[in-house]
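*Asks:* Have a look; sequence and predicted model below, questions after that.
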Amino acid sequence: MNYASFIVKIIHKSNFSEINPVTEIAVQMPQFKNDDAKIIMYVSVWGKLGYDMTQYYQVNDYVIIEGYVSIREDQSTQQIPKTSKRIEMSLYKVYPFSLDVENRITEY
C-alpha cells in the first residue's frame, strides 16, 4: 500500500461545490537542505472533509495529511515534455499543525 502522511503547507485551494463532491488543493512540502527546491503535490479531498478543508484552513497553513499517494502523467495543455509527472494524493485525514493566525478574519 502507498498510504502516507506528510506535513505540508497549503499554497492554493479551490472552492467547495455541492455539485462536485471533490475539492482540489495544492500543497508544498517543506525543504530544509535546498530552499530553491519546491515539491508541489495536488490533493483531492472528498465530501465533508473537502468542505471542512475549505472552511477551516487557509493558504499558508501547515497541516498534517494522511492518504493514498499516486503519480500520474501531467495533463496540462502546455508544451511540456512527456516525462513530466504529477504527484497526487487522495486525502482521508487532516490535522492542524501550524495555522497562520495573523491573517485570519474573525467574525463575531
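*Replies:* Noted; the coordinates are in hand.
*Asks:* burial measure for residue 93, as a count.
*Replies:* 10 (other Cβ atoms under 10 Å). The way it works is simple: take the backbone N, C-alpha and C, and place the C-beta from them, glycine included.
*Asks:* For it, which non-adjacent residue is closest in space?
*Replies:* In space, and not counting its chain neighbours, residue 93 is closest to residue 66: 4.2 Å by Cβ to Cβ, 6 or more residues apart in numbering.
*Asks:* try residue 59
*Replies:* Per Cβ to Cβ, 6+ apart, closest to residue 59 is residue 10, 5.5 Å.
*Asks:* gap between the residue nearest to residue 93 and residue 20?
*Replies:* Noted for residue 66: a distance of 23 Å to residue 20, by Cβ to Cβ, to the nearest Å.
*Asks:* what do you get for residue 59?
*Replies:* From residue 59 to residue 20 the distance is 21 Å (Cβ to Cβ).
*Asks:* all strands for the chain, in order.
*Replies:* For the chain, the strands defined by DSSP state E cover 3-13, 22-29, 39-46, 62-73, 85-98.
*Asks:* Output those strands in JSON lines, with mean pLDDT appended to each entry.
*Replies:* Converted to JSON lines, these look like this (pLDDT from 0 to 100):
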{"stretch": "strand 3-13", "mean pLDDT": "89"}
{"stretch": "strand 22-29", "mean pLDDT": "86"}
{"stretch": "strand 39-46", "mean pLDDT": "84"}
{"stretch": "strand 62-73", "mean pLDDT": "86"}
{"stretch": "strand 85-98", "mean pLDDT": "83"}
